[in-house]
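Asker: Here is the input, now give the coordinates:
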Amino acid sequence: MKNIAIIMGGYSSEYKISLTSGNVVYETLDKSKYKAYRIHIFKDKWVYVNDENEEFPIDKNDFSINVDAFKITFDCVFNAIHGSPGEDGFMQGYFKLLNIPHTSCDMYQAGITFNKRDCLSVLKPYGIKTAESFYVNLGDTINPDAIVAKVGLPCFVKANKAGSSFGVSKVHKKEDLQNAIDVAFKEDNEIIIESFLEGTEVSVGVITYKGETKVLPITEIVSENDFFDYEAKYLGKSQEITPARLKPEEEEKVTQEAKKVYEVLKMKGFSRSEFIFKNGEPHLLEMNTIPGLTRESILPQQAAAANISLADLFDSAIEEALKSHS
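Answerer: Residues are numbered from 1 along each chain as shown. Now for the predicted structure:
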């Protein structure tokens, strides 16, 4: 029986969603195969939380716990932390140093995909289409005319390194730019301002499943709000249609593009890439490497459409991590 640490929580605004994702993994893993442990990772404490909600501190020297005078170490870590430090490379680097297999991508891949501007820059030479973008760092002089000249209106102002649509605004008028920039800077010290792409938005799950790169059935995002923001994503203010209502050639294009992104970046584990179609061509917005795993989340919906149960999905992630580590 393998000991599996399910890490959840994290240091970002997304910690509540991560706790939900982590608990779904905990409830779903095959109990005959795995002994699962819920590990809460917060800035002020790293603890194992048992079913009675008792907390046991993690020894960060070797990522072990001591329960009733027994030392417990882990065969594999299931990473369910959205945002920092689980999605940006820190935990990946830590587990690499400790030689503990984990279900997410490697440290470099996590770092680059978490940084929207760097990820898009790396992919551009491979012919991956993206929106026009303008970058601003905290402390830069803001020139609204230069921004509008480059990206046009409406445009999106986003925190560069934040997930779940935190710090994102859609700006329709030049005089609203400064406020949107201030909102984004609350989440990050770098922001990315992108041209608005009018078209169908889709989310494409690409995973390593039973040894192969697998593109899952595509989800179309139809937001009731002005765009796919936090409310749309988590508070039911959007329709997520799987499979997406795409023409066969559009589906083929975005499937190939998502697979190419995954393979160019040498990804492992789960990923979910967002694309918008403009003039029939998919344009990449971003890639998430620790997508939501709640029962309502997009990746589990896509897996279900591919006849992959949550138990199979999670089991395969652990098996892949153990296999690539051996």
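
Asker: what stretches of the stretch 51-200 of the chain score poorly on pLDDT?
Answerer: For the stretch 51-200 of the chain, residues meeting the criterion pLDDT under 70 lie at 162-165.

Asker: If we use 90, what do you get?
Answerer: 116, 159-168, 187-188, 198 (pLDDT under 90).

Asker: Quick one: the strands in it, in order.
Answerer: 55-59, 64-67, 70-72, 76-79, 133-137, 155-159, 169-171, 190-195 (DSSP state E, counting those that start in this stretch).

Asker: among the ones you listed, which is the most enclosed?
Answerer: Of the strands of the stretch 51-200 of the chain, the one with the most neighbours on average (mean count of other C-beta atoms under 10 Å) is strand 76-79, at a mean of 27. Bear in mind the C-beta positions are built from the backbone N, C-alpha and C, glycine included.

Asker: so how far is the helix or strand where residue 47 lies off the chain centroid?
Answerer: Taking DSSP states H and E as the definition, residue 47 sits inside strand 45-49. Centroid separation between strand 45-49 and its chain, computed with C-alpha atoms, centre = their mean, to the nearest Å, is 23 Å.

Asker: Over to stretch 65-73?
Answerer: The chain centre lies 32 Å from the centre of stretch 65-73; the measure is C-alpha atoms, centre = their mean.

Asker: and what of stretch 301-311?
Answerer: How far stretch 301-311 lies from its chain's middle: 18 Å, per C-alpha atoms, centre = their mean.

Asker: now for the one helix or strand residue 261 maps to, which elements pack on it?
Answerer: Using DSSP H and E, residue 261 sits in helix 248-264. If you count contacts as 3 or more C-beta pairs under 8 Å, 6 or more residues apart in numbering; DSSP states H and E, helix 248-264 packs onto helix 116-123, strand 201-209, strand 212-215, strand 270-278, strand 281-288.

Asker: Hmm, residue 98 is touching residue 63, no?
Answerer: Yes: here residue 98 reaches residue 63: they are 5.6 Å apart, a contact under C-beta atoms under 8 Å.

Asker: More neighbours: which of those two?
Answerer: residue 63 (20 against 16; other C-beta atoms under 10 Å).

Asker: so who does that one touch?
Answerer: Residues in contact with residue 63 (C-beta atoms under 8 Å, 6 or more residues apart in numbering) are 5, 73, 74, 77, 94, 95, 98, 100.

Asker: just residue 15 next, same as before
Answerer: Residue 15 touches 9, 42, 83, counting by C-beta under 8 Å, 6+ apart.

Asker: Identify the residue nearest the second one in space, chain neighbours excluded?
Answerer: Among residues not flanking residue 42 along the chain, residue 9 sits closest, at 5.3 Å (C-beta to C-beta, 6 or more residues apart in numbering).

Asker: Please tell me how far that neighbour sits from residue 218.
Answerer: According to C-beta to C-beta, to the nearest Å, residue 9 and residue 218 sit 30 Å apart.

Asker: cool, and residue 75?
Answerer: The value you get for residue 75 to residue 218, if C-beta to C-beta is used, is 34 Å.
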